[in-house]
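>>> Generate a structure from the sequence data that follows.
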Amino acid sequence: MSRQREEFLGHPKGLYVCFLTELWERFSFYGMRAILVLYMVAKIDEVNPGLGWTKGFALSIYGWYTMAVYVTGLPGGWIADRFLGQKKTVMLGGLLLCIGHSILAIDSITAFIVGLVLITLGVGGLKSNISTMVGGLYPAGDIRRDSAFTIFYMGINLGALISSVVVGYVGETIGWHYGFGLAGIGMLIGQAVFFFGRKHLEGVGDFVPPQRQANGTHAHAPLTKIEKDRVVVLLLAFLIQIVFWAAFEQAGGLMNLYTSEKVDRMLLGFEIPASIFQAANPLFILLFGTLVANYWLNRRKQRKQASSIYKMAIGTMIMGTGFLLMDGAAMQAASSGKAAAGWIIGAYLLHTIGELCASPVVMSFTTKLAPAKYASLMMGAYFAVTGLGNKLAGMAGELSESVGEMAIFSGIFGFCMVFGLLLLALLKKLTALSHGADDDLVVG
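Residues are numbered from 1 along each chain as shown. Model (predicted):
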């Protein structure tokens, strides 16, 4: 049966293989992320002992780790483009993830370090390449591409929602390493889904050796003027991602610790584990994802501005506004000792709306503008700059120990506003450089 005929709900079945694989990979990743910093700062003499590290050191390690898992997308994309193809690189990355998460279940500092290294390498092989494969399911100009990435993005957040609750609860209340082990089981399921579902990915993500000249060197044609212009736009989009994720990824680090230490988590006599609050973002994405997507679709139908760069600018500013609520939480905690949980829930809601405007758009945008011969490498670059944003998030979290959380929250809000407005000022020039590759382009 041809790939064009092999469809389900209007999309190739291969999309749902990628959807389920990514769902379980994100289950393992976000489950581990929900408890990682909390495990590192937990005292060694507690009932559920951790590593007993200081908050600043734990946030530093968190920043380096979250940077590394995304930066390795660059070599992961390069390996796929030059040697293995996307499909085999995803399989290799999944295998490393299964091993890494399983090792984290062992109560040992050596196992902790080795597990994080293997997970880092595994995400590098899997994350950028499976995203590129989603784009490869659709021919150029196929109007289903953006909706496919929205479906794919829902898989990411469904996995994150389930794991934040399940892995977070198990890790905090039963044992950190039981939580890590549960995340590993999720990755095993994801690897099995991809292995047995790869028949639906025929012709997608296979390795195509580059042509060679007579002297044995690779014969890559130089980029055209249009391709160069589009790469310039992509590089700016990547800069937006650095700023966005430097702010957004306070969730797993500083905001996670803040929730644990300074937020009133009592509900009907039961104290909600801090890691459970990590479920707010994926829950809001599932609740509001369609509404936000329809809002932008309606703007496009009304011939109003709805380009990808415009969405990124607006999303960055909305997300930054969430830190005003964190300022409110900081002021309440300073005056009464604890902040109401509503502050952080509201902040996560604004972060989510901003994310829905910006993040799925960039993945689709990258597959549209990237030169075909560098498709995996450019998607790897997208995740690499996401990693740089994560590192900046960790550095900002570390700085909070000396300047205070409120100063960090206020600074992030201000920077996001200024950066978003600058993007809006440059919008028309960036639009011209995309040369019509942006399907949502409407100049208003």
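>>> got any ranges where the protein has weak pLDDT?
1-9, 210-219, 437-444 (pLDDT under 70).
>>> ranges for the strands of the chain?
7-8, 11-12, 266-267, 270-271 (DSSP state E).
>>> Can you give me the buried ones in stretch 401-410?
Applying a neighbour-count criterion of 16 or more other C-beta atoms under 10 Å, one finds 405-406, 408-410 buried in stretch 401-410. The C-beta positions use only the backbone N, C-alpha and C, and glycine is treated the same way.
>>> I'd like those as CSV, with distance to I318 appended.
Compiled in CSV, these are given as follows (distance: C-beta to C-beta, whole Å):
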residue, distance to I318
E405, 21
M406, 21
I408, 19
F409, 15
S410, 17
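>>> ok, these vs D206, which is closest?
Taking C-beta to C-beta as the measure, D206 lies nearest I408 of those, at 46.0 Å.
>>> Find the nearest non-adjacent residue to the closest one, please.
Using C-beta to C-beta, 6 or more residues apart in numbering and skipping residues adjacent in sequence, the residue nearest I408 is S400, 4.7 Å away.
>>> Number of residues surrounding that neighbour?
S400: 21 surrounding residues under other C-beta atoms under 10 Å.
>>> show me the contacts for G389.
Applying C-beta atoms under 8 Å, 6 or more residues apart in numbering, one finds that G389 lies in contact with 241-246, 248-249.
>>> picking that back up, quick check: the farthest pair among the buried residues of stretch 401-410?
For the buried residues of stretch 401-410, the farthest-apart pair by C-beta to C-beta is E405 and S410; their separation is 9.6 Å.
>>> related to what we said a few turns ago, highest neighbour count among the contacts of G389?
Among the contacts of G389, F248 has the most neighbours (other C-beta under 10 Å), with 29 neighbours.
>>> Quick check, that one in contact with I318.
No - if you go by C-beta atoms under 8 Å, F248 and I318 don't touch, sitting 11.1 Å apart.
>>> between the two, what contacts are shared?
Shared contacts of F248 and I318, counting by C-beta under 8 Å, 6+ apart, come down to G354.
>>> For stretch 106-115, buried residues please.
Neighbour counts over stretch 106-115 (16+ other C-beta under 10 Å) mark 111-112, 114-115 as buried.
>>> Looking at those residues, which is nearest L257?
Proximity of these to L257 (C-beta to C-beta) peaks at F112, which lies at 18.6 Å.
>>> shouldn't the closest one be in contact with A105?
No - counting by C-beta under 8 Å, A105 is not a contact partner of F112; they are 10.4 Å apart.
>>> joint contacts of these two?
With contacts defined as C-beta under 8 Å, 6+ apart, no residue is adjacent to both F112 and A105.
>>> list the contacts for G175?
Shown in contact with G175 (C-beta under 8 Å, 6+ apart): N48.
>>> tell me, how many neighbours does the nearest residue in space to M133 that is not next to it in sequence end up with?
If you skip the residues right next to it in sequence, M133 has G205 as its closest partner in space, 4.4 Å away by C-beta to C-beta, 6+ apart. The number of residues packed around G205, counting by other C-beta under 10 Å, is 26.
>>> what do you get for M187?
Count around M187 with other C-beta under 10 Å applied: 30.
>>> separation between it and F29?
M187 sits 8 Å away from F29, taking C-beta to C-beta, to the nearest Å as the criterion.
>>> Also L121?
Distance check for L121 against F29: by C-beta to C-beta, it reads 13 Å.
>>> More neighbours: the two, which one.
Residue environment comparison for L121 versus F29 gives the larger neighbour count to F29, 27 against 21, counting by other C-beta under 10 Å.
>>> dump the residue contacts of that one.
When contacts are counted by C-beta under 8 Å, 6+ apart, F29 touches 69, 119, 123, 183.
>>> Tell me which entries of those residues lie within helices.
The helices, defined by DSSP state H, take in 69, 119, 123, 183 from those.
>>> Count the residues that sit near the residue nearest to the second one when sequence neighbours are not counted.
When the adjacent residues along the chain are set aside, I119 lies closest to G100, with 3.9 Å between them (C-beta to C-beta, 6+ apart). Residues lying near G100 (other C-beta under 10 Å) number 26.
>>> How about L286: what's its closest non-neighbour residue?
With C-beta to C-beta, 6+ apart as the measure, N157 is the residue that lies nearest to L286, at 5.9 Å, once sequence neighbours are left out.
>>> Could you pull up phi and psi at E46?
In this entry, E46 is assigned phi and psi values of phi -80, psi 170 (degrees, to the nearest 10).
>>> got the contact list for the residue nearest to L286?
When contacts are counted by C-beta under 8 Å, 6+ apart, N157 is found next to 26, 281-282, 285-286, 289.
>>> Just the buried residues of these.
26, 281-282, 285, 289.
>>> re earlier: what's the spacing between the residue nearest to M133 and K87?
For G205, the distance to K87 - C-beta to C-beta - is 4 Å.
>>> repeat for Y374
When Y374 is compared with K87 (using C-beta to C-beta), they lie 18 Å apart.
>>> Look at the two and report which has more neighbours.
Between Y374 and K87, K87 has the larger neighbour count (other C-beta under 10 Å), namely 21 against 18.
>>> The more buried one is in contact with M133, isn't it?
Yes - the pair K87 and M133 passes the contact test of C-beta under 8 Å, sitting 7.1 Å apart.
>>> Pull up the overlap in contacts between those two.
Common contacts of K87 and M133 (C-beta under 8 Å, 6+ apart): 201, 204-205.
>>> so which of those residues comes closest to K301?
V204 (31.1 Å).
>>> got the contact list for the closest one?
The neighbours of V204, taking C-beta under 8 Å, 6+ apart as the test, are 3, 14, 86-87, 133, 136-137.
>>> Just list whatever residues bridge to H11.
In this entry, H11 is beta-bridged to F8, by DSSP bridges.
>>> Among the buried ones among the contacts of N157, which are located in helices?
26, 281-282, 285, 289.
>>> Any chance of TSV for those, columns distance to G337?
Supplementary listing: these in TSV, determined by distance: C-beta to C-beta, whole Å:
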residue	distance to G337
R26	35
N281	26
P282	30
I285	32
G289	36
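>>> closest to M378 among those?
Of all those, M378 sits closest to R26, with 21.6 Å by C-beta to C-beta.
>>> How about the closest one, nearest residue that isn't a chain neighbour?
Distance criterion C-beta to C-beta, 6+ apart; nearest residue to R26, sequence neighbours excluded, is G159 at 3.7 Å.
>>> one step back: what's the spacing between the residue nearest to L286 and T290?
Counting by C-beta to C-beta, the gap between N157 and T290 amounts to 12 Å.
>>> And the helices in the stretch 251-400 of the chain?
254-262, 280-301, 308-336, 341-369, 375-403 (DSSP state H, counting those that start in this stretch).
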